[in-house]
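Undergrad: Sequence plus predicted model, see below.
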Amino acid sequence: MSQRTAAAAQCKEAFDALTSFMRDFKRRYFLSPPLLNSDYISPGLKPRDPAPTPAESADKSCRIWHSIVAPGGTPPANPKELRNSFFIKRKKGVIEFDIGDSGKTAYFAVQVENEGKRGLGGRRFRR
């Protein structure tokens, strides 16, 4: 048996074991016995958070601030240096850039707003 065939056999064996594990995990997630935190941790998953996720307010919106910097250019040092912005009220949005911006780096900050007012967190900056 060649090394390639042996490696393929090991991969198939590992995949079959993972498939079996995940089928049991899914069955226990939806049926019984229920999954415990140790069942989540053993394969490397985060344990379930018992606190419910709060519902998003329908009037919440945000302003996305951004700047495009050419290679070798100076990145913005703080959020006030971001030049462009747009307003969004959906969870998903699309930012369209000019074809001339290809290969450049985009820097973003999100300002959470509520009915057009700046949110408690104000503008958040992340590079």
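TA: Ah, there it is. Residues are numbered from 1 along each chain as shown.
Undergrad: isn't there a helix covering residue 17?
TA: Yes. Using DSSP: H, G, I helix; E, B strand; the rest coil, the assignment for residue 17 is a helix.
Undergrad: remind me which residues of the protein are low pLDDT?
TA: 1, 32, 53-60, 90-91, 114-127 (pLDDT under 70).
Undergrad: all strands of it, in order?
TA: Counting by DSSP state E, the chain has strands at residues 60-69, 84-88, 105-114, 117-126.
Undergrad: This protein - how does it break down into domains?
TA: 3-41, 60-126 (automatic domain parsing).
Undergrad: ranking those domains by burial, who's on top?
TA: Highest mean neighbour count of the domains of the chain: domain 60-126, a mean of 12 (counted as mean count of other C-beta atoms under 10 Å). C-beta coordinates here come from the backbone N, C-alpha and C atoms, glycine included.
Undergrad: Turn the domains of the chain into a markdown table, columns for distance to residue 49.
TA: Output for the domains of the chain, formatted as a markdown table (distance: least, C-beta to C-beta, whole Å):
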| stretch | distance to residue 49 |
| --- | --- |
| domain 3-41 | 10 |
| domain 60-126 | 20 |
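Undergrad: Which one of the ones you listed lies nearest to residue 50?
TA: domain 3-41 (9.8 Å; C-beta to C-beta).
Undergrad: starting at the chain centroid, how far to the closest one?
TA: Relative to the centre of its chain, domain 3-41 is centred 24 Å away, using C-alpha atoms, centre = their mean, to the nearest Å.
Undergrad: Stretch 94-113 now?
TA: Its chain's average C-alpha position is 17 Å from that of stretch 94-113, according to C-alpha atoms, centre = their mean.
Undergrad: ditto for stretch 72-87
TA: Taking the mean of its C-alpha atoms, stretch 72-87 sits 22 Å from the chain's own mean (C-alpha atoms, centre = their mean).
Undergrad: which residues sit against that stretch?
TA: 61-67, 69, 93, 95, 104-105, 107-109, 111, 113, 123-125, 127 (C-beta atoms under 8 Å, 6 or more residues apart in numbering).
Undergrad: Same question for stretch 30-46.
TA: Outside stretch 30-46, the residues within contact range by C-beta under 8 Å, 6+ apart are 21, 25, 28, 29, 47, 48.
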